[in-house]
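> what's the 3D shape of this:
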Amino acid sequence: MSSLPLQGKVALVTGSSRAIGAAVVKRLAADGASVVVNYVSNPDAANAVVDDIHSSTPGKAIALKGDMSSVPEAENLVEETIKHYGKIDILVLNAGIMNPKLLKDIDEKSYDDHFNMNVKVPLFMVKRATKYLQPGGRVIFISTSLTKFSGVPPSYVLYNATKGAVEQLVRVLAKDLGSNGITVNAVAPGPTNTELFTTGKSEQLIQFFSSLHPMKRIAEPNEISPVVAMLARDESVWVNGQTIFVNGGYAV
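Numbers count the residues shown, from 1 in each chain. Now for the predicted structure:
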């Protein structure tokens, strides 16, 4: 009997060529899973993650292109995963957009961009994946600790609205898919050292966010991925419909 908790499992992680997504696929592969490294515009980065997985973990990996702002491409990514691996056990909805704007600056396009990528596409991707997910399947969304943080900046109005919607999807889908033995949860990181978080922020602003944490720093992606891996395991069966905040005490 294998000691690897995800041996024989197949995991599809959207937006997984870099940052938190890359840390997640590497961790799932380290636990024995066969993984899909999804990218939209940088095949070299995705292939580097695949090579790293093959050289340092017992898991298998392939890189598959797919624009996660498009429902057809997201659905096709599910089908391509099935073609290659024959099944899906774990779906991690990590791809997202965060383009902070104050209320006076947002328009319909920025609204649609955020809700399409952060809410609409993940929902329809779950719908397609349920054709293949079996009892014991895992659906894991990525939210944000800003849904709990009382000092949320005004420019995060659209991003926070989409992640609030995600957390409600988790609650309801857990009731729906739970009847088929599939759990649905979310992981909500705080500020993390990724391009998505640091782009456009001064060093002083990043230090300010660091000062809000008890440990006086922001997270690294590999400090988020173990919680995703925990939810993916069979032993997590009784965790369902939950948003787990992983932020080092930033928001409690």
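> CA atoms for contacts and neighbours, from now on please.
Noted.
> Asp52: which element?
For Asp52, the element it lies in under DSSP states H and E is helix 43-56.
> Now do the same contact list for Gly8.
By Cα atoms under 8 Å, 6 or more residues apart in numbering, the contact list for Gly8 reads 32-34.
> Now render these as a markdown table, adding secondary structure.
Below are those laid out as a markdown table (DSSP: H, G, I helix; E, B strand; the rest coil):
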| residue | secondary structure |
| --- | --- |
| Gly32 | coil |
| Ala33 | coil |
| Ser34 | strand |
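> returning to that earlier point: tell me what the helix holding Asp52 is packed against?
If you count contacts as 3 or more Cα pairs under 8 Å, 6 or more residues apart in numbering; DSSP states H and E, helix 43-56 packs onto helix 19-30, strand 34-39, strand 60-65.
> Let me know which of these is tucked in deepest.
Of all the helices and strands packed on helix 43-56, strand 34-39 carries the top mean neighbour count, a mean of 28, counting by mean count of other Cα atoms under 10 Å.
> could the helices and strands packed on helix 43-56 go into JSON lines alongside distance to Val228?
Listed next are those as JSON lines, based on distance: least, Cα to Cα, whole Å:
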{"stretch": "helix 19-30", "distance to Val228": "7"}
{"stretch": "strand 34-39", "distance to Val228": "14"}
{"stretch": "strand 60-65", "distance to Val228": "18"}
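> closest one to Asp89 among the ones you listed?
Smallest distance to Asp89 across those (Cα to Cα): 9.9 Å, for strand 34-39.
> pLDDT weak spots in the stretch 101-250 of the chain?
Flagging of the stretch 101-250 of the chain using pLDDT under 70 yields an empty set of residue ranges.
> ok, which stretches of it are helices?
108-115, 121-129, 157-178, 195-198, 203-211, 225-232 (DSSP state H, counting those that start in this stretch).
> okay, which residue is most central for this protein?
Centrality entry for the chain: nearest residue to the mean C-alpha point is Asn94, 2.3 Å, by Cα atoms, centre = their mean.
> Tell me the spacing between that one and Val152.
To Val152, Asn94 is 21 Å away according to Cα to Cα, to the nearest Å.
> For His114, give me its contacts.
His114 makes contact with 96-98, 158-159, 162 under the criterion Cα under 8 Å, 6+ apart.
> mind redoing it with 7 Å?
Contacts of His114 were listed using Cα atoms under 7 Å, 6 or more residues apart in numbering, and they are 97, 158-159, 162.
> Let's see if you can find the most crowded of those residues.
The residue in the contacts of His114 with the most neighbours, by other Cα atoms under 10 Å, is Thr162 (26 neighbours).
> wait, that one sits on Met117?
No: using Cα atoms under 7 Å, Thr162 is not in contact with Met117, being 9.1 Å away.
> Excluding sequence neighbours, find me the nearest residue to Ile97.
In space, and not counting its chain neighbours, Ile97 is closest to His114: 6.0 Å by Cα to Cα, 6 or more residues apart in numbering.
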